[in-house]
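> what's the 3D shape of this:
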Amino acid sequence: MAIVGKEYCDPEERVLTVRKTSHFSPGDGFAAYDHRTGGLAFRVDTYGRGHGGGAASAGELALLGPGGEPLLTVRRRRPSLHQRWEGFLGARADGQKPLFSARRPSILGGAAAGAVIELLSPPPFSGATTAAPDLLRVDGSFPRRCCRVVAAPRCDGEKEKVVAEIRRKVDEAARVVMGRDVFVLRVSPGFDAAFAMGIVLVLDQIAGDEPGVDAGADILDAKI
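Model (predicted):
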C-alpha cells in the first residue's frame, strides 16, 4: 500500500528502532533506524524555517528521509475538538490539499483512546480514480508504546488487516525493556514505512505521554 512512495514499501516486514531525540515537548524530534542495516531511515524536523532553516514552518512537523528530503508535513487543524491533524505529501505548499487527516475517535477520549486516520485523496502515483477514502484505526495505547494500526476493509468480504505495530524495545542481551523514548515500529509487508512513521508523529501529538506511566527501563523477569 504505497502512500508516500513505492520505494518505502518492502515485500518483507520492516522493523525500525525509533528514538526520541529531544524531550522538551511532544514531537520535538525523532530518529528511526533500520533494524537490518542499522542506518538512519527517517528523522523529524520540528523547529521550523524560522528556527535554524529546517524543512517545517512554524507549527508544522516534517518527516525527512536520511538525506534531509521532505517526505511528509503534518500540522494541527484549528479549530478542532478532536485533536485533528492533517498530513501533506512532501513540503507543504500554500493551497495544497491534505493527503490524510488523523484525530481522536472521541472528544472525550484520553491518551489511550487511539486514533482514526483517514486518507483524503489517492496518492498521485497510485492511478486510483475513486475519491472514497481509506480508513485506518489505531488500537491500544501509544503513550505505553503498545498499539497497532489496523486498515479497515475497503469492500465486502475483505477483512481488517494489521499494517503496523508499535512496541517497547527489548534489549535481549541485558534482558531489559527499554524506556518509552526508544521503541520498535514494525511495518507489515507491502505497507508504506514512511507513512507508518508519519502516523507515529501524529500519535505523539494527539496522545503525548500518559502521566503515571513509568518511562524508565524495566528488568525482564528471568523466567520470561
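> from the middle of its chain, how far away would the helix or strand encompassing residue 199 be?
Applying DSSP states H and E as the criterion places residue 199 in helix 193-207. Relative to its chain's centre, helix 193-207 lies at 2 Å (CA atoms, centre = their mean, to the nearest Å).
> okay but residue 102 is in contact with residue 76, surely?
No: using CB atoms under 8 Å, residue 102 makes no contact with residue 76, being 10.1 Å away. Just so you know, the C-beta spots here come from the backbone N, C-alpha and C atoms, and that holds for glycine as well.
> Show me which of the two is the more surrounded one.
residue 102 (25 against 16; other CB atoms under 10 Å).
> quick revisit: mind listing what's buried along the helix holding residue 199?
Using 16 or more other CB atoms under 10 Å as the test for burial, helix 193-207 gives 193-207.
> thinking again about what came up before, now the common contact residues for residue 102 and residue 76.
Contact criterion CB atoms under 8 Å, 6 or more residues apart in numbering; residues bridging residue 102 and residue 76 by contacting each: 84-86.
> burial of residue 69, as a residue count?
For residue 69, the count of nearby residues is 11 (other CB under 10 Å).
> residues touching it, list them.
Counted by CB under 8 Å, 6+ apart, residue 69 has zero contacts.
> Please report how far it lies from residue 91.
9 Å (CB to CB, to the nearest Å).
> How about residue 11?
29 Å.
> what do you get for residue 171?
Taken as CB to CB, the span from residue 171 to residue 91 is 36 Å.
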